[in-house]
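> All I have is the shape, not the residue letters:
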């Protein structure tokens, strides 16, 4: 898949979230002072005297300099993300991006699946051992489909946790979702199930049971859980996967959240 095109509302939210963040955080750049690597702070929310005309310059080898170097690296990373998103927006639309009303409220969230929920969940809880494990930057994965999924989630800029744990009261059972993904810009997270090998009856029966367990606990498709159905382990449809994830993200953003000038 050559390019991932974000839905308009998702694109607008990602842009505005970063624009606001850039206004609040430490800003600066790296430089050399007296032959030593340094960091120049041009904005510090805790020090109004620090400006682009009167920057604070610190050696990156100092304790304070290392702290500010981390902050400036974060600023430069977010700035690059914003610039890339803005260039893509101008390439797709003839108008300026809208402002967004934050926070974006979710009027019905029965399981409290917000950013705090995401942060609190431990990962790598699965006990099943694959006959042919796949090793990646995320550790040991159990299938090629999961490897493809992690790659696409990274390209979409969506944080995820692999194999968290979920206890379903209604059936008194603990299940291991494939992924827990974070739409952190709107303070929401989703379970993501990549359901492959549906050409095998035994696997399909397990898939049906898992969907039933989610439904008993009122985890709604496209609201708290996303299902990606794949026919077999040899055919991974990248466009279908991306569409399922981004459509869920887009639907959680009401039209009223966007302010067009």
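That came in fine, so what should we check first? None of the values given here were measured: they were computed from a predicted structure.
> Spatially central residue in the chain, please.
residue 158 (2.1 Å; Cα atoms, centre = their mean).
> excluding its backbone neighbours, what's nearest that residue?
Closest residue in space to residue 158, ignoring its immediate chain neighbours: residue 181 at 5.3 Å, by Cβ to Cβ, 6 or more residues apart in numbering. Using the backbone N, CA and C atoms, a C-beta is placed for each residue, glycine as well.
> same check, this time on residue 109
Leaving aside its sequence neighbours, residue 109 sits nearest to residue 188 (Cβ to Cβ, 6+ apart; 7.8 Å).
> can you tell me which residues contact the one you found?
Neighbouring residues of residue 188 by Cβ atoms under 8 Å, 6 or more residues apart in numbering: 106, 109, 113, 114, 115, 182, 252.
> so what's it bridging to?
Counting by DSSP bridges, residue 188 forms beta bridges with residue 183.
> thinking again about what came up before, what's the distance between the residue nearest to the centre of the chain and residue 75?
Residue 158 sits 22 Å away from residue 75 when distances are taken as Cβ to Cβ, to the nearest Å.
> circling back to that earlier point, the residue nearest to residue 158 belongs to a helix, doesn't it?
No - secondary structure of residue 181 (DSSP: H, G, I helix; E, B strand; the rest coil): strand, not part of a helix.
> Please renumber the chain so that the first residue is 22 from this point on.
All right, first residue 22 from here; so that's residue 202.
> Wait, it touches residue 211, no?
Yes - contact criterion Cβ atoms under 8 Å: residue 202 and residue 211 qualify, at 5.4 Å.
> which stretches of the stretch 22-171 of the chain form strands?
Assigned by DSSP state E, counting those that start in this stretch, the stretch 22-171 of the chain shows strands spanning 48-54, 57-64, 77-80, 120-121, 155-157, 160-162.
> Including mean pLDDT and mean neighbour count, could the ones you listed go into CSV?
Listed next are those as CSV, based on pLDDT from 0 to 100; neighbours: other Cβ atoms under 10 Å:
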stretch, mean pLDDT, mean neighbour count
strand 48-54, 96, 15
strand 57-64, 97, 19
strand 77-80, 96, 16
strand 120-121, 97, 19
strand 155-157, 59, 13
strand 160-162, 60, 16
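> can you put those in a markdown table and add distance to residue 33?
Shown next, in a markdown table, are those (distance: least, Cβ to Cβ, whole Å):
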| stretch | distance to residue 33 |
| --- | --- |
| strand 48-54 | 23 |
| strand 57-64 | 25 |
| strand 77-80 | 34 |
| strand 120-121 | 6 |
| strand 155-157 | 32 |
| strand 160-162 | 33 |
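> Would you tell me which of those gets closest to residue 230?
Nearest of those to residue 230, taken as Cβ to Cβ: strand 160-162 at 22.3 Å.
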